[in-house]
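Student: Here you go, sequence then predicted model.
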Amino acid sequence: MVFYFKARPETGDYTIFMGLDKYENEELIKFGFPEDIWFHVDKMSSAHVYLRLNKGQTFDDIPEGVLEDCAQLVKANSIQGNKVNNVDVVYTPWQNLKKTASMDVGQVSFHNPKMVRTVRVEKRINEIVNRLNRTKVERKPDLKAEREAVNAAERAERKQQLREKKRREDMDRLEKERQAEMRSYKNLMVADKMTSNKDIASANKSLQEMEEDFM
């Protein structure tokens with residue numbers, strides 16, 4: 001089971017989601033999207049909360065209000081973190097999550113610690129948490145199938161880009177060949193290099209004229 005939430009609408013169309021338990025968290029870790037940002041309460045047990053950005057965005061593009069929504073949701077879904085103030089929430093791109101065979105179910109580390117950021121949550125804001133909970137939808141998605149569909153779409157897009165690149169290269173090559181042919185033709189048509197029929201006629205004596213000269 002995965003729970004889906006809608007961030008505050010004035011910031012844009014952003015979806016926040018989290019797994020029911022550590023087993024769903026494991027699936028989310030395995031089949032995440034490049035646009036996913038992972039959130040967790042630092043040094044405490046909490047839900048794994050994800051924000052799905054729009055394609056092409058990075059975690060530098062997270063609106064401040066959306067960041068606050070994610071941080072509040074993580075805090076509210078941490079047994080220990082929900083009870084105390086001044087909680088740190090860490091977040092990082094999904095691709096920076098590191099999973100090894102020795103780790104417990106749902107446990108992760110990071111490939112690059114420098115890609116991990118921290119936001120301080122001073123206290124729980126019930127207004128935000130309640131608003132998010134009113135948008136909550138429960139689903140049982142096939143995360144593997146969703147990831148495979150995205151991979152297939154990305155492969156098709158790359159193929160289309162390669163076809164378009166080859167088409168442009170072919171057009172550029174043909175245009176260069178045409179320009180080269182035109183330059184070659186113009187060189188042949190330069191006036192001082194051309195000989196008219198009249199010039200040819202004046203430069204060559206007729207057979208009769210040659211016989212008269214001989215006589």
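Tutor: Yep, that arrived.
Student: Please look at Cys63 and Asp13 and confirm they touch.
Tutor: For residue 63 the amino acid is Pro, not Cys. No. Between Pro63 and Asp13 there is no contact under CB atoms under 8 Å: 11.4 Å. Bear in mind the C-beta positions are built from the backbone N, C-alpha and C, glycine included.
Student: more neighbours, those two?
Tutor: Ranked by neighbour count (other CB atoms under 10 Å), Pro63 and Asp13 place Pro63 first, with 14 against 9.
Student: For that one, which residues are in contact?
Tutor: Pro63 is in contact with Thr11, Gly12, Tyr14, counting by CB atoms under 8 Å, 6 or more residues apart in numbering.
Student: Could you rerun that using 7 Å?
Tutor: Thr11, Gly12 (CB atoms under 7 Å, 6 or more residues apart in numbering).
Student: do Met103 as well
Tutor: Taking CB under 7 Å, 6+ apart, we find Met103 in contact with no residue.
Student: ok, now with 10 Å
Tutor: Residues in contact with Met103 (CB atoms under 10 Å, 6 or more residues apart in numbering) are Glu26, Ile29, Ser109.
Student: and the next element down the chain from the helix or strand where the first one lies?
Tutor: The reference is to Glu26. Applying DSSP states H and E as the criterion places Glu26 in helix 22-30. Using DSSP H and E, the helix or strand that directly follows helix 22-30 along the chain is strand 36-41.
Student: Check which helices and strands that next one is in contact with.
Tutor: strand 15-19, helix 22-30, strand 49-52, helix 64-76, strand 87-93, strand 117-121 (3 or more CB pairs under 10 Å, 6 or more residues apart in numbering; DSSP states H and E).
Student: sorry, back to before: are any of the contacts of Met103 buried, and if so which?
Tutor: Glu26, Ile29 (16 or more other CB atoms under 10 Å).
Student: Format the contacts of Met103 as a markdown table; extra columns: distance to Val2 and pLDDT.
Tutor: What follows is the contacts of Met103, written out as a markdown table (distance: CB to CB, whole Å; pLDDT from 0 to 100):
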| residue | distance to Val2 | pLDDT |
| --- | --- | --- |
| Glu26 | 12 | 90 |
| Ile29 | 13 | 91 |
| Ser109 | 23 | 93 |
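Student: Go through the contacts of Met103 and name the one nearest Pro93.
Tutor: Ile29 (12.6 Å; CB to CB).
Student: rewinding a little: identify the contacts common to Pro63 and Asp13.
Tutor: Ala7.
Student: what comes up buried for stretch 27-41?
Tutor: Quick answer for stretch 27-41 (16+ other CB under 10 Å): 27-29, 31-33, 35-41.
Student: Run through the residues that contact Val150.
Tutor: Contacts of Val150 by CB under 10 Å, 6+ apart are Phe31, Phe33, Pro34, Glu35.
Student: separation between the first one and Leu67?
Tutor: Computed as CB to CB, to the nearest Å, the Phe31 to Leu67 distance reads 24 Å.
Student: Give me the neighbour count for Lys22.
Tutor: Using other CB under 10 Å: Lys22 sits among 14 other residues.
Student: Surely it is in contact with Gly106?
Tutor: Yes. Between Lys22 and Gly106 there is a contact under CB atoms under 10 Å: 3.2 Å.
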